[in-house]
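Asker: Below: sequence and its predicted model.
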Amino acid sequence: MTSNGMEDEIRPMDDRERPTDDALRLGRYHDDEATPDERTRVERTLAASETERETLAFFGALGGGLRHGRPSGAPAGLGSRVMATIRRIADDHPLIRLLPSMRRIAAVAAAAILIVGALWWLGRDASDSIGTVRAGWQAVARPDPIGRGTAPDRFYLPRLDALYRLSGDRPATTEGDDR
Amino acid sequence: MTDRDPTSDAEVVRRVLAGAVDDFELLVERYQDRIYNLVWGMVRDPGQAEDVTQEVFVKAFRKLADFEQKSRFYTWIYRIAINRSLDFIKSRDRARTHAVDVIHEIEPAAPTESTDPSAPLLEREFLEKMHEALEAVPPKFREILVLREVQGLSYEEIAEVLGCSKGTVESRLFRARARLKRKLEAYCRG
């Protein structure tokens, strides 16, 4: 390695490894970012180091290569095409411009509707089941072996029996319920 | 140029946000060459650079309300241009990988320099090798090389665009060059 450390240029360098101060100084020199003192120092080293001269030449070639073929400016008409698109966007109804956010809102609303629907469905099923159980329980309870009767029985059976009595057509199922 | 200057970027942005959409044209005129050059430096194809540049301005317009004016407009739009170019390169690379049989159709037109008959053979060969090497380096190296060599930004300006320190710019730039040098070493020494 030379005293200025520029051999680092040659050996593979780990991307995490910090370049040496000499290497950074050479980069600044190439990029016109070096202070006058640094310039003098680099120029002195350049005169003595073939490696450093080579590195600097490579930096120059690389820059030239990257700039080679660079267009002088944007193609004609690009600005007007950009503005035409932008005016079209601006002319859109504000609601259309909000489309991405509206999509999000719609997705949330759809999810909410689904959840409410599912809850309602489950609730209805549960209510049906409760109704079925209750009807079955009432059917079993209707004979009323202890003579007290279920709440619905106590409420409507006396009225039903009164109706049957009036019509003179008392069904057999209500026998024994005459209270 | 102060913020209150009627033609300053900040003032133009304020007017556009207030509804004067046509004023956005001032920003387009002001930056289209630089953005196009930056995108060209990244994607290395004039046609694709034009499309991406258009997308950059449209995106900037759509996101203008998010621009907090804490940074300068040009650093903000440069950032959009770099990100959009990187996305484009990524999707182009994916397309190349997944559609081997159509590679020749989707591959961007060869850079103008490689077909320039006036360029000496060795120079053309070097340029081709350099572009191959550039395609192979990580995006963070590619973007910094383009900002420095194609755009000619100072270290300070690059730091502002990339949102990092000047020291990071210096060392990343050095690493990028070292990486390319390594890749081209065999060719240069052969």
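Answerer: All right, it came through fine.
Asker: which SS state does B:N83 fall under?
Answerer: helix (DSSP: H, G, I helix; E, B strand; the rest coil).
Asker: got a list of what it touches?
Answerer: By CB atoms under 8 Å, 6 or more residues apart in numbering or on different chains, no residues touch B:N83. The way it works is simple: take the backbone N, C-alpha and C, and place the C-beta from them, glycine included.
Asker: Stretch B:30-46 and chain A, are they touching?
Answerer: Yes. Residues of stretch B:30-46 contacting chain A under CB under 8 Å from any CB of the partner chain: B:Q32, B:D33, B:I35, B:Y36, B:N37, B:W40, B:G41, B:P46.
Asker: quick one: average pLDDT of the helix or strand A:G60 falls within?
Answerer: Assigned by DSSP states H and E, A:G60 belongs to helix A:50-67. In this model, helix A:50-67 has an average pLDDT of 90.
Asker: same thing with stretch B:25-35?
Answerer: Confidence for stretch B:25-35, expressed as mean pLDDT, is 95.
Asker: and what of stretch B:14-21?
Answerer: The model assigns stretch B:14-21 a mean pLDDT of 90.
Asker: for B:T7, helix, strand, or coil?
Answerer: Assigned by three-state DSSP, the conformation of B:T7 is coil.
Asker: Please pull up the helix or strand immediately following the helix holding A:G60.
Answerer: helix A:78-91.
Asker: Let's see that next one as CSV, backbone CA atoms only.
Answerer: Output of helix A:78-91 as CSV, limited to C-alpha atoms (Å, rounded to 0.1, in the frame of the first residue of the first chain):
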residue,chain,number,x,y,z
LEU,A,78,-43.6,16.8,-23.3
GLY,A,79,-44.6,19.8,-21.2
SER,A,80,-47.9,20.2,-23.1
ARG,A,81,-48.7,16.5,-22.8
VAL,A,82,-48.1,16.7,-19.1
MET,A,83,-50.3,19.8,-18.8
ALA,A,84,-53.1,18.2,-20.8
THR,A,85,-53.1,15.2,-18.4
ILE,A,86,-53.1,17.5,-15.4
ARG,A,87,-55.9,19.6,-16.7
ARG,A,88,-57.9,16.4,-17.4
ILE,A,89,-57.3,15.3,-13.8
ALA,A,90,-58.2,18.8,-12.5
ASP,A,91,-61.4,18.8,-14.6
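Asker: if we can go back for a sec, among the residues of stretch B:30-46 next to chain A, which one has the most neighbours?
Answerer: Of all these, B:I35 has the most neighbours under the rule other CB atoms under 10 Å in any protein chain shown, reaching 29 neighbours.
Asker: Using the three-state scheme, assign that residue.
Answerer: helix.
Asker: which residues touch it?
Answerer: Neighbour list for B:I35: A:A74, B:T53, B:V56, B:F57, B:I77, B:Y78, B:A81 [criterion: CB under 8 Å, 6+ apart].
Asker: Of all the helices and strands in chain A, which has the lowest average confidence?
Answerer: Of all helical and strand segments in chain A, the minimum by mean pLDDT, DSSP states H and E falls on helix A:94-97, at a mean of 58.
Asker: So for stretch A:23-41, what gets flagged as buried?
Answerer: A:A23, A:L24, A:R25, A:L26, A:G27, A:R28, A:Y29, A:H30, A:D31, A:E33, A:A34, A:R41 (16 or more other CB atoms under 10 Å in any protein chain shown).
Asker: can you tell me which two in these are farthest apart?
Answerer: Greatest spacing in the buried residues of stretch A:23-41, by CB to CB: A:D31 and A:R41 (15.6 Å).
Asker: picking up where we left off before, of the contacts of B:I35, which one scores lowest on pLDDT?
Answerer: The member of these with the lowest pLDDT is A:A74, at 92.
Asker: What count of nearby residues applies to it?
Answerer: 24.
Asker: now A:E54
Answerer: By other CB under 10 Å, 15 other residues sit near A:E54.
Asker: follow-up on the earlier one: from the contacts of B:I35, which is closest to B:A178?
Answerer: Using CB to CB, B:Y78 comes nearest to B:A178 of the contacts of B:I35, at 24.5 Å.
Asker: Distance of that closest one relative to chain A?
Answerer: 15 Å (CB to the nearest CB, to the nearest Å).
Asker: Next up, the contacts around that residue.
Answerer: Going by CB under 8 Å, 6+ apart, B:Y78 touches B:R34, B:I35, B:L38, B:L147, B:V161.
Asker: ok, 6 Å please
Answerer: Residues counted as contacts of B:Y78 (CB atoms under 6 Å, 6 or more residues apart in numbering or on different chains) are B:V161.
Asker: Return the backbone torsion pair for A:P71.
Answerer: phi -70, psi 150 (degrees, to the nearest 10).
Asker: Just give the nearest non-adjacent residue to it, would you?
Answerer: Of all residues beyond its chain neighbours, the one nearest A:P71 is B:W40 (5.9 Å), with distances taken as CB to CB, 6 or more residues apart in numbering or on different chains.
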